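Enquirer: Just the structure for this:
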Amino acid sequence: MISPTGKATAEPPRDTGYVSVTRNRFCSGRWEKGGCVMGSCAQESSSHKSWFGRAAHNTACWTGKPGGFISASAIVLIWAITGPIFGFSDTWQLVINTGTTIVTFLMVFLIQNSQNRDTVALHLKLDEVLRSIADARDNFMDIEDLEESELEEIRDEYRRLAAKAREMRDDRPQRPSRPGAVQATP
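Expert: Purely as a prediction, here's the structure:
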């Protein structure tokens, strides 16, 4: 949070009851006014403490960019060009099959790691939104830990609420439309 002296502090902005015009974001270990500028993937990876976290982050960043796709395409192209040189032998085919199998196997774990981190971050952000809204149900903050049957009960409750809202919307008298206004279709 930005103090009256203009310094960034480590505590988050407090709920003041109104929406601030300036957005505050947690960047580099402190709350900053107006948000932070995200660096390159290599700069962001320094925040990961474990070697696996850094490796997974860097690999995900690199493979998700055009350079990663171009590199993979170049490897396949080189392999295809060398086919006539090696007489399209079984060993030549085994090279690409083994290589793609190993890369696919390892990428599954890296993708899962990235997905897990993204999911946790999303849940934390949603929890913060729930915490900051006065009428929100605070017990929804750990809803991802409920059993499937409990989630189904909550889903059914929201389906009933949605049906009730549709009925109320359908029962309302329709306002006369203005000339040139677009009509909403249910």
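Enquirer: C-terminal to the helix of greatest length in the chain, what's the next element?
Expert: The residue-count maximum for a helix in the chain (DSSP state H) belongs to helix 90-132. Proceeding N to C from helix 90-132, the next assigned helix or strand is helix 148-171, under DSSP states H and E.
Enquirer: before we move on, the earlier item: packing partners of the longest helix of the chain?
Expert: helix 51-63, helix 66-81 (3 or more Cβ pairs under 8 Å, 6 or more residues apart in numbering; DSSP states H and E). The way it works is simple: take the backbone N, C-alpha and C, and place the C-beta from them, glycine included.
Enquirer: Can you list the helices and strands that the shortest one packs against?
Expert: Other elements packing on helix 51-63 under the criterion 3+ Cβ pairs under 8 Å, 6+ apart are helix 41-44, helix 90-132.
Enquirer: what do you get for the last one?
Expert: Under the contact definition 3+ Cβ pairs under 8 Å, 6+ apart, helix 66-81 sits against helix 90-132.
Enquirer: so what's Gly83 up against?
Expert: Trp92 (Cβ atoms under 8 Å, 6 or more residues apart in numbering).
Enquirer: what about it, helix or strand, and which?
Expert: Assignment of secondary structure by DSSP H and E places Gly83 within no helix or strand.
Enquirer: could you check the distance from it over to Gln93?
Expert: For Gly83, the distance to Gln93 equals 9 Å [Cβ to Cβ, to the nearest Å].
Enquirer: One more: Ala55?
Expert: Taking Cβ to Cβ, one finds Ala55 at 30 Å from Gln93.
Enquirer: repeat for Ala163
Expert: Counting by Cβ to Cβ - Ala163 and Gln93 are separated by 57 Å.
Enquirer: Which one's more surrounded, the two?
Expert: Just comparing Ala163 and Gln93: by other Cβ atoms under 10 Å the higher neighbour count belongs to Gln93, 13 against 10.
Enquirer: The more buried one and Arg160: what is the separation?
Expert: Gln93 is 58 Å from Arg160, by Cβ to Cβ.
Enquirer: Low-confidence bits of this protein, can you list those?
Expert: The model of the chain has pLDDT under 70 over residues 1-48, 174-186.
Enquirer: switch to 50 and redo it
Expert: Applying pLDDT under 50 to the chain flags the ranges 1-4, 6, 8, 10, 15-40, 42.
Enquirer: What is the burial count for the spatially closest residue to Asn113 that is not a sequence neighbour?
Expert: Once flanking residues are discounted, Asn113 sits nearest to Ala56: 4.3 Å by Cβ to Cβ, 6 or more residues apart in numbering. Using other Cβ under 10 Å, the number of residues around Ala56 comes to 21.
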